[in-house]
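**Student:** What shape does this take:
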Amino acid sequence: MITVDSWIVLNFFTGFLLVLLYIFQNRTSRLLNGRKFSRILIMTFILLVAETIGKIGELYPERFFFLAKAGYLFIYLLDPWDIVLSFSYVDCWIEGGNRRVRNFFKYMLYIAGIANFLLVLISNIFNLKWFYYFEGFKYYRGPLFVIRGVIVMLMILSVLIYYLFFSSYVVSQYKRMLWYLPIFSIIGGLFQIFFAELDTTYTGIAMGCLILFFYFQSKDVNVDYLTGVLNRRGLDIKMQTAVDSGEDFAAIMMDLDYFKEINDTHGHSAGDKAIMAVAQVLVDIFGGDSIIGRFGGDEFLVIVKSVSEKEIGHKIEIIHDAIKRLREKNKWPELFDISCGYKVYEQSSGLSAKEFQEQIDKLMYDEKQRHHQI
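**Tutor:** Now for the predicted structure:
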């Protein structure tokens with residue numbers, strides 16, 4: 001009868017879960033929170049692989065001891081960055097609050113991650129044995145292991161404290177679910193620290209991600225099911241939030257020209273493909289902190305922070321070039337393109353979100369009329 005160590009089973013299913021979550025996540029959301037969620041999955045998977053190859057090196061030291069050294073080095077160098085990525089994910093849901101306090105939390109976590117990386121690297125280069133070391137072929141925890149473990153736990157707790165302070169700035173429907181990631185990370189980390197034989201840190205993170213995905217990421221009522229960007233409801237919320245923020249911003253309303261010809265000539269599946277392709281173009285070009293959504297049908301809206309009309313005009317030129325490449329690649333109608341209306345919202349104008357949206361909608365419609373007269 002073949003027996004398999006429990007850690008092999010645990011790591012295999014945790015890795016399998018992370019891969020599935022990454023695949024499904026990329027199919028359901030192209031929003032900033034979705035991209036940050038994917039980064040957590042990628043980093044956790046990398047750390048899980050490092051842990052696995054480290055264990056293999058320990059099991060077969062005569063032939064694969066180098067794997068043990070490489071695996072543990074990667075784990076000690078990178079595992080605090082899983083926490084930094086988790087913080088970044090939680091932070092992207094927060095709209096408002098004291099910016100100085102928010103930046104303090106962010107910088108402290110980044111400093112802790114960088115300091116850990118440098119100290120672990122120095123310890124290994126000069127064989128100082130601060131955090132871990134090998135005697136013969138056996139792994140031992142170093143004199144500073146517990147201190148490092150406490151700091152890592154404090155990093156996770158800081159994510160919880162941060163969210164506790166600023167949860168009032170999160171849309172009500174999202175508040176409860178965001179607790180799961182840091183809580184499961186703490187549970188997994190505690191088991192890892194106090195029970196050396198249990199490899200539960202990454203399993204805890206994976207379980208938190210699983211709950212977030214099935215009850216949150218994949219069922220977000222503000223996400224357009226076809227494109228993975230925001231839908232009209234989500235855009236309305238974000239536009240109102242931008243108007244209430246007290247800061248100037250810019251918005252671009254876009255409409256696809258001659259989109260109906262794709263449906264009539266190539267079928268509705270080709271039309272869906274065009275919609276999804278344009279959404280991806282907008283995500284690739286704007287990305288970052290921009291808000292991207294499908295306003296309805298073949299219309300899109302992008303809300304951008306801290307840019308001038310000149311910069312927006314340059315971005316739109318890039319969009320036209322990208323759509324031209326798509327048009328040639330897919331043999332879509334020659335006139336298929338995009339009409340845009342854009343404007344910088346100035347807080348001094350006193351315009352409501354609806355009034356501002358109507359202005360950029362009219363600008364877009366005027367350009368569309370010009371395109372159809374060509």
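
**Student:** In this protein, where is pLDDT below threshold?
**Tutor:** Low-confidence segments of the chain (pLDDT under 70): 1-4, 173, 192-199, 215-220, 288, 372-374.

**Student:** so where do the helices sit in the stretch 201-350 of the chain?
**Tutor:** 201-215, 232-244, 259-266, 268-286, 309-330 (DSSP state H, counting those that start in this stretch).

**Student:** buried residues in the second one?
**Tutor:** For helix 232-244, burial by neighbour count (16 or more other CB atoms under 10 Å) applies to Gly234, Leu235, Asp236, Ile237, Lys238, Met239, Thr241, Ala242, Val243. C-betas here are computed from N, CA, C, even on glycine.

**Student:** Arrange those residues in JSON lines, one row each, with distance to Gly297 as further columns.
**Tutor:** Shown next, in JSON lines, are the buried residues of helix 232-244 (distance: CB to CB, whole Å):
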{"residue": "Gly234", "distance to Gly297": "16"}
{"residue": "Leu235", "distance to Gly297": "13"}
{"residue": "Asp236", "distance to Gly297": "16"}
{"residue": "Ile237", "distance to Gly297": "20"}
{"residue": "Lys238", "distance to Gly297": "19"}
{"residue": "Met239", "distance to Gly297": "18"}
{"residue": "Thr241", "distance to Gly297": "24"}
{"residue": "Ala242", "distance to Gly297": "23"}
{"residue": "Val243", "distance to Gly297": "24"}
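
**Student:** Quick check: nearest residue in space to Leu235, chain neighbours excluded?
**Tutor:** Once flanking residues are discounted, Leu235 sits nearest to Gly293: 4.1 Å by CB to CB, 6 or more residues apart in numbering.

**Student:** how about the one you found, what does it touch?
**Tutor:** By CB atoms under 8 Å, 6 or more residues apart in numbering, the contact set of Gly293 is Asp224, Val229, Leu230, Asn231, Arg232, Gly234, Leu235, Lys238, Phe300, Leu301, Val302.

**Student:** Next, count neighbours for the fourth one.
**Tutor:** Asn231: 19 surrounding residues under other CB atoms under 10 Å.

**Student:** where do the strands sit along this protein?
**Tutor:** Secondary structure of the chain (DSSP state E): strands at 132-135, 138-141, 249-257, 291-296, 299-305, 337-345.

**Student:** Buried ones in the last one, by neighbour count?
**Tutor:** Translated: strand 337-345. Under 16+ other CB under 10 Å, the buried positions of strand 337-345 are Asp337, Ile338, Ser339, Cys340, Gly341, Tyr342, Lys343, Tyr345.
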